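A.B. asks: here you go, sequence then predicted model.
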Amino acid sequence: MSCHAGYSDRRQVIVFAAPDSPAGKRMQASVDELSCQLQERDTDVRFVDTSDLPDADAVTAPAGVLAELMQLRSREHPEFEMLLVGKDGGVKARTSDPDALEDFLSQIDTMPMRRAEMRTEKGGHSACQSED
């Protein structure tokens, strides 16, 4: 089992961005807005400040979590990147769109494990109020 699957039995959204960048700020606003839906889907959001990550060429063998994050991140090292990591530790989706968090939630809802959770939790009814 990979390390990123081992630290939690929850799904993970890993966001690579500078926190003060426009994309980082938009992503944080989305997380705040969708916090109930994230909680309902057992999903944690981890922000990784890209300014804290060393240049991949400068690091030959980083240790622990840093090594893992360097492996997950795209080789292109985009300014913003978001990954969806399933409960099994596998990367399920990747995007450079900071407005795609709702798309990730929709993708989670199609996963077999999530569908089983919805059947057993309150008959599949959401506790989150929609703003439609």
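C.D. replies: That came through, no problem. Residues are numbered from 1 along each chain as shown.
A.B. asks: where in the protein is pLDDT low?
C.D. replies: Across the chain, residues meeting the criterion (pLDDT under 70) sit at 1-8, 52-67, 77, 122-125, 129-132.
A.B. asks: other residues contacting the top helix by length along it?
C.D. replies: The single longest helix within the chain, with elements called by DSSP state H, is helix 22-33. By CB atoms under 8 Å, 6 or more residues apart in numbering, the residues outside helix 22-33 that reach it are 15, 17-19, 38, 45, 47, 79-80, 82, 98-99, 101-102. Heads up, the C-betas are built off the backbone N, CA and C, glycines and all.
A.B. asks: now those residues: which count as buried?
C.D. replies: Buried members of those, counted by 16 or more other CB atoms under 10 Å: 15, 17-18, 38, 45, 47, 80, 82, 98, 101.
A.B. asks: secondary structure element for Val15?
C.D. replies: Taking DSSP states H and E as the criterion, the element that holds Val15 is strand 11-17.
A.B. asks: at which residues are the strands of this protein located?
C.D. replies: For the chain, the strands defined by DSSP state E occupy 11-17, 43-49, 81-85, 91-95.
A.B. asks: the ones you listed into JSON lines, with extra columns for distance to Ile108?
C.D. replies: Listed next are the strands of the chain as JSON lines, based on distance: least, CB to CB, whole Å:
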{"stretch": "strand 11-17", "distance to Ile108": "6"}
{"stretch": "strand 43-49", "distance to Ile108": "7"}
{"stretch": "strand 81-85", "distance to Ile108": "7"}
{"stretch": "strand 91-95", "distance to Ile108": "8"}
